[in-house]
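1. give me a model of this one.
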Amino acid sequence: MTNNFQFYRRIVRTILVILGVTLPFIKINGDHLLIFNIYTFEFHIFGLSLQINQFLPLLALFLFLTFLFLYLTVTFGRIWCGWLCPQSVSMELTSFMQNLNKGSLPIKTFKILFLYLLSVLIAANILLYFIPYEIFFDRLFGNEFSKGILTALLTLGTLLFLNFWLVRYRFCATVCPYSMLQSMLFDKHTLAVWMIPERRAECINCLSCVKVCSTEIDIRQGQNSACINCAKCIDACAKVMGKLGKKSLFAYRFGEGNKKRFTRFSSAVSLVLTLVSFFIFILVALSTKNVQVEVIPYQKFLPRNIDDFAANGYVLVVENGDNKDKTIAIEIEDLSGYEITPNSIFKVKPKSKNDFTFFIKLKKDLLENSPILNLKLKIVNKEDNAIQIKTISFRRPITSRRSKK
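-> Purely as a prediction, here's the structure:
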């Protein structure tokens, strides 16, 4: 084991890069592991496929992520920024640009060209979280070339290139909205990098901590909202003080006094909200159906009499969000002597939405005492043995006096 935080940051960074590159290519039961498909407006997360109109699970997921970030920020400060944020990870990957002015012209040119290529590759990786890789590569290199995808790739790649080259950690120190939020949630027990107060006098003013700082601050002057908790100052000081047989003058501490208070009100409340919202999301997601069904009246067919029957028309709307064919069967509960035409069984292909028109015919005498009957339509998903009951209204046909006679 080593006390060098940069060693562990490199491990974390490597894991994040591997996950970031591979996640868009991983599928579970035919569904992507983690993408938002802009072609189908479906959010795929760990085998769950949520459509954009499935508001409740998406709201539960949004609340969970919000409370999770709130808890991490209140308790562990900007640990996200220094260790996990894609911006800081990208800055470390492109750290070769920090010494651009020291190289010769050919080396500078090579670095800039390499940075642009790397930026385009990172842009492609980001786009794969919104465009399924099958479509992305087919539209770029296949027969269905897409100017839109190429434009998005080059535009995003150029913006990233400028960010990596010119902006870098200035974004974290000045623009990042999460940094602004964190400064409001920070309290005297939040984890942060501190200069150990009782050892201030041991500082030999070598400025190593200032020289390595990602956001170019002097952490010796106290807490600064620009600090991203990357721990470079801890390691730099440890290297210098180690030669004197001492430990680093900086450390991760829960406040200047380093008193851990995980049960303080703000931390405890945000943790409870995080856990509650997580369980709500799991429950809502598991109860979400992949097959959405609606039944609406068929407006082009007015209720009418056909021989001894009264007939009403309906439209069955089936949205199959699954990767398999679905067979939907309908029948009326607690009623006999009716007919459903032309079909009562419908086939729906994967990832598709279909409208099916059907007609229900009832004996006229059922409507003698009431102009409207509420029928319970039983909708059976044959493959999943899932049953839904929809209440539909069956109306008595309006007939003229002449026709009555």
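2. I'd like the average pLDDT over stretch 229-238.
-> Averaged across stretch 229-238, pLDDT comes to 95.
3. scratch that, stretch 72-91 is what I was asking about
-> 91.
4. hey, C-alpha coordinates of it in PDB?
-> This file holds the C-alpha atoms of stretch 72-91, laid out as PDB (Å, rounded to 0.1, in the frame of the first residue of the first chain):
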ATOM      1  CA  LEU A  72     -22.100  13.200  -1.400                       C
ATOM      2  CA  THR A  73     -21.700  17.000  -1.600                       C
ATOM      3  CA  VAL A  74     -22.700  17.700   2.000                       C
ATOM      4  CA  THR A  75     -20.600  14.800   3.400                       C
ATOM      5  CA  PHE A  76     -17.700  14.400   1.100                       C
ATOM      6  CA  GLY A  77     -17.400  17.800  -0.500                       C
ATOM      7  CA  ARG A  78     -15.800  18.000  -3.900                       C
ATOM      8  CA  ILE A  79     -14.500  14.400  -3.900                       C
ATOM      9  CA  TRP A  80     -16.600  14.000  -7.100                       C
ATOM     10  CA  CYS A  81     -14.700  16.800  -8.800                       C
ATOM     11  CA  GLY A  82     -11.200  15.500  -7.900                       C
ATOM     12  CA  TRP A  83     -11.800  11.800  -8.500                       C
ATOM     13  CA  LEU A  84     -14.800  11.100 -10.700                       C
ATOM     14  CA  CYS A  85     -15.800  14.100 -12.700                       C
ATOM     15  CA  PRO A  86     -15.400  13.500 -16.500                       C
ATOM     16  CA  GLN A  87     -14.000  17.100 -16.800                       C
ATOM     17  CA  SER A  88     -11.100  16.400 -14.400                       C
ATOM     18  CA  VAL A  89     -10.600  12.900 -15.700                       C
ATOM     19  CA  SER A  90     -10.200  14.400 -19.200                       C
ATOM     20  CA  MET A  91      -7.800  17.000 -18.000                       C
END
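5. in that stretch, what counts as buried?
-> Judged by neighbour count (16 or more other CB atoms under 10 Å), stretch 72-91 contains these buried residues: 72-83, 85, 87-91. Glycine gets a C-beta too; all of them are placed from N, C-alpha and C.
6. pLDDT below threshold where in this structure?
-> Low-confidence segments of the chain (pLDDT under 70): 1-2, 53, 55, 400-405.
7. and the helices in it, which stretches?
-> Listed in chain order, the helices of the chain (DSSP state H) span 5-22, 55-76, 79-83, 86-93, 105-127, 133-141, 147-162, 170, 177-185, 208-212, 232-242, 265-287, 401-404.
8. could you dump the ones you listed to CSV with distance to residue 392?
-> Formatted as CSV, these follow (distance: least, CB to CB, whole Å):
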stretch, distance to residue 392
helix 5-22, 48
helix 55-76, 24
helix 79-83, 51
helix 86-93, 50
helix 105-127, 44
helix 133-141, 39
helix 147-162, 43
helix 170, 61
helix 177-185, 49
helix 208-212, 70
helix 232-242, 67
helix 265-287, 24
helix 401-404, 26
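9. to residue 342, which of these lies closest?
-> Ranking the helices of the chain by distance to residue 342, with CB to CB as the measure, places helix 401-404 first at 26.1 Å.
10. contacts only, for the residue lying closest to residue 187 once chain neighbours are set aside.
-> In this structure, residue 187 finds its nearest non-sequential neighbour in residue 266, 6.5 Å apart by CB to CB, 6 or more residues apart in numbering. By CB atoms under 8 Å, 6 or more residues apart in numbering, residue 266 lies in contact with 74, 185, 187.
11. list the contacts of the second one.
-> Under the criterion of CB under 8 Å, 6+ apart, the neighbours of residue 185 are 70, 73-74, 266.
12. what do you get for residue 137?
-> Residue 137 neighbours (CB under 8 Å, 6+ apart): none.
13. distance check, it against residue 143.
-> 12 Å (CB to CB, to the nearest Å).
14. residue 77 now?
-> 51 Å.
15. what sits up against stretch 50-59?
-> 40-44, 48, 61, 281, 284-285, 288, 292, 319, 321.
16. closest one to residue 208 out of the contacts of residue 185, please.
-> Relative to residue 208, and with distances defined as CB to CB, the nearest of these is residue 73, at 28.8 Å.
17. in this structure that closest one contacts residue 182, no?
-> Yes. Residue 73 is in contact with residue 182 according to CB atoms under 8 Å; the separation is 5.3 Å.
18. quick check: closest non-adjacent residue to residue 394.
-> Nearest one to residue 394, counting by CB to CB, 6+ apart, is residue 373 at 4.4 Å.
19. which residues touch the one you found?
-> Contacts of residue 373 (CB under 8 Å, 6+ apart): 362, 366-367, 393-394.
20. how does it look with 10 Å?
-> For residue 373, the contacting residues are 310, 312, 335, 362, 366-367, 392-396, by CB atoms under 10 Å, 6 or more residues apart in numbering.
21. for residue 174, state which of those is nearest.
-> Distances from residue 174 to these, taken by CB to CB, are shortest for residue 392, at 59.2 Å.
22. which residues are in contact with the closest one?
-> Here residue 392 is in contact with 295-297, 312, 314, 332, 360, 373-377 (criterion: CB under 10 Å, 6+ apart).
23. buried subset of those?
-> Neighbour counting with 16+ other CB under 10 Å marks 295, 297, 312, 314, 332, 360, 373, 375, 377 as buried within those.
24. closest to residue 276 out of the residues you listed?
-> Closest to residue 276, out of all of the buried ones among the contacts of residue 392 and judged by CB to CB, is residue 295, at 35.2 Å.
25. not counting its neighbours along the chain, what's nearest the closest one?
-> Nearest non-adjacent residue to residue 295, counting by CB to CB, 6+ apart: residue 390, 4.9 Å away.
26. again with residue 128
-> In space, residue 128 is closest to residue 24, 3.8 Å off (CB to CB, 6+ apart).
27. that neighbour against residue 135, yeah?
-> No. Using CB atoms under 10 Å, residue 24 makes no contact with residue 135, being 11.5 Å away.
28. pick out whichever of these two has more residues nearby.
-> residue 24 (23 against 17; other CB atoms under 10 Å).
29. just to revisit the earlier point, need the residues touching each of residue 73 and residue 182.
-> 80-81, 190.
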